[in-house]
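Trainee: Below is the sequence, then the predicted model.
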Amino acid sequence: MKIIIYGATEIGCLLATEFFEDCDITVIDKEENRTEEFDKLDISFIQGNATDIKILKRADILNSDAFIACTNLDEANIVACLAAKKVSGIKTICFVSKKEYQNAMEQDKANEYFGDFFIDNVIWPEELLTQELFRIVTVAHALDVENFANGKARLLEYRVKPTSEIVGKMVKDCGFTKDTVIVGVKRGELLFIPNGLTEINADDKLIFMGTSRSLDILAGTFFHEKEQVKSVAIIGGGNVGFMLAKNLEEMKIKAKIIEKDYDRCEFLSQELNSTLVINGDGTDLKLLDDEEIGSCDVAISVTNNDERNLLCSLLVKQLGVKRVIARVSKVLNIPLFEKVGIDIAVSSKTSAINEVRNDLDEADVDILATVEQGEAEVLEMPVKADFDGKLIKDIRMPAPAIIGVIQRRSHVIIPKGDTMIRCNDILIVFTKAEDADKIKEYFKAVER
């Protein structure tokens, strides 16, 4: 695979290091941004600006497989990706640092009239970091986990405990989270496709598909030991701290945020419902003690400064917090944090690298995954023209199966009965292995 990276940043270096052994890597940026770390790698370096089509052609864009823009300027990344897409139709991955840019570009991708002039994957590293932190804090260990659509959708399997509140309830009455669908039930030796009237029994294995975020909430709400996490302290009320608190509120986990900037505290107070917002310095030991941070189950330091995060983490550890998590901006600092006693150190850059790896690791196969030792299969089905415009409820499959996910370009949809499918959508379908061939043939047929 031939990959072009625009941006000699830390992320650019991490990406080049990740892929250079198996791929042909070309990095584009100004010569003054080139560090000695790039010289240690077997890669090509072109001086220039990737928003210039001439520079893209010099980098052999026409014969490349992927273009990744990761400079420190969002606007430059967006323009460069659109230029690369215009020149060659190449797969494009764009890094941004603002939510509004991600929203704007994802809205364009979902627009059926936007044509081929779009960015395949827009990555906001802080959002990925928030999702990782949320999983670390809340998600119990599943029996099975499968990722689809570049990690935007997942399959999770859980066993129902006898004490669970959903035992004896029908599926339609369980109140499972939005953007989640239960696709399979394993009861004893029997695996079957459930419907809304299916009653949940103790020791059932339930198989769900949905967006990663919705499944995180589902796991924490229905399949997590309630005594494990009751309270969380967050030091730093920036984007990550804010989004994390919002997610914790949805799970009704008690949260506190300590934020130094008064104006930011006012914003947090207006946007959050039940989170306690404290205006103060997370390195102030007296403040931490007065606010009883030591009694929290988890403390997470997510400021933009590694030194401050380290100090805050060590202080709350001293106060007796059971589990301490710290955000690390410089990936090389992660071993240091863990060496001095921080339980978990995470980086938005590492989360972003994993996202890129998942995006580039594609396989042209019909079977995405097998479940329950091969008893069930997850199939990937491209929508043919004769299905264009059909509603999910009007599709009559020849055997029990559930369309769990629709992938429309890089946009993921968890369908309902009135969801309309489009030509070139990718359907991710769950069915029993014995029925898989019937489902495949049904979606391959041209007259319906």
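Mentor: Happy to help now that I have it.

Trainee: contacts and neighbour counts: CA atoms only from here.
Mentor: Will do.

Trainee: any weak-confidence spans in the stretch 151-300 of the chain?
Mentor: Applying pLDDT under 70 to the stretch 151-300 of the chain flags residues 224-228.

Trainee: Could you list the residues in contact with stretch 50-61?
Mentor: 4, 6, 26, 28-29, 46, 48-49, 76, 79-81, 83-84, 87-88, 90 (CA atoms under 8 Å, 6 or more residues apart in numbering).

Trainee: From one end of that stretch to the other, what's the distance?
Mentor: 10 Å (CA to CA, to the nearest Å).

Trainee: Could you shift the numbering so residue one becomes 212, and keep it that way?
Mentor: All right, first residue 212 from here; so that's stretch 261-272.

Trainee: Please identify the buried residues of that stretch?
Mentor: A261, T262, I264, I266, L267, A270, I272 (16 or more other CA atoms under 10 Å).

Trainee: ok, how many other residues are close to R424?
Mentor: 20 (other CA atoms under 10 Å).

Trainee: Can you name the helix or strand that it falls in?
Mentor: If you go by DSSP states H and E, R424 is part of helix 423-433.

Trainee: Name the next helix or strand downstream of that helix, please.
Mentor: That would be, after helix 423-433 and using DSSP H and E, strand 442-446.

Trainee: and I215, what element?
Mentor: strand 213-217.

Trainee: just how off-centre is that strand within its chain?
Mentor: Between the centre of strand 213-217 and the centre of its host chain there is 23 Å, according to CA atoms, centre = their mean, to the nearest Å.

Trainee: And stretch 360-375, by the same measure?
Mentor: 15 Å.

Trainee: C-alpha coordinates for it, CSV please?
Mentor: C-alpha atoms of stretch 360-375 as CSV (Å, rounded to 0.1, in the frame of the first residue of the first chain):
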residue,chain,number,x,y,z
ALA,A,360,-17.4,0.1,9.9
ASN,A,361,-13.9,1.2,11.0
GLY,A,362,-14.8,0.9,14.6
LYS,A,363,-17.9,3.1,14.4
ALA,A,364,-20.1,0.1,15.0
ARG,A,365,-19.7,-3.0,17.1
LEU,A,366,-21.1,-6.4,18.2
LEU,A,367,-21.1,-7.2,21.9
GLU,A,368,-22.3,-10.4,23.6
TYR,A,369,-23.2,-10.5,27.3
ARG,A,370,-24.6,-13.1,29.6
VAL,A,371,-27.7,-12.1,31.6
LYS,A,372,-27.2,-12.5,35.4
PRO,A,373,-30.1,-14.0,37.4
THR,A,374,-30.2,-10.7,39.4
SER,A,375,-30.5,-8.5,36.3
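
Trainee: List of residues touching that stretch?
Mentor: By CA under 8 Å, 6+ apart, stretch 360-375 touches 353-359, 378, 412-423, 426, 433-434, 566, 569-570, 616, 618, 621, 623.

Trainee: The residues you listed, buried ones only, as a PyMOL selection?
Mentor: Buried subset of the contacts of stretch 360-375, written as a PyMOL selection, criterion 16+ other CA under 10 Å:
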select buried, resi 356+357+358+359+378+412+414+415+416+417+418+419+420+421+422+423+426+433+434+566+570+616+618+621+623
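
Trainee: pLDDT of the strand holding I215, averaged?
Mentor: Average pLDDT, strand 213-217: 96.

Trainee: can you check stretch 612-625 too?
Mentor: In the prediction, stretch 612-625 has an average pLDDT of 90.

Trainee: before we move on, back to that, show residues contacting the strand holding I215.
Mentor: By CA under 8 Å, 6+ apart, strand 213-217 touches 223, 227, 234-240, 261, 270, 272, 274-282, 288.

Trainee: Please spell out the PyMOL selection for the buried subset of the contacts of stretch 261-272.
Mentor: Applied in PyMOL, the following selects the buried portion of the contacts of stretch 261-272 according to 16+ other CA under 10 Å:
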select buried, resi 215+217+237+239+240+257+259+260+287+290+291+292+294+295+299+301
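
Trainee: can you tell me which of the contacts of stretch 261-272 are in strands?
Mentor: I215, Y217, T237, I239, D240, I257 (DSSP state E).

Trainee: which one of these sits closest to S559?
Mentor: Using CA to CA, Y217 comes nearest to S559 of these, at 18.7 Å.
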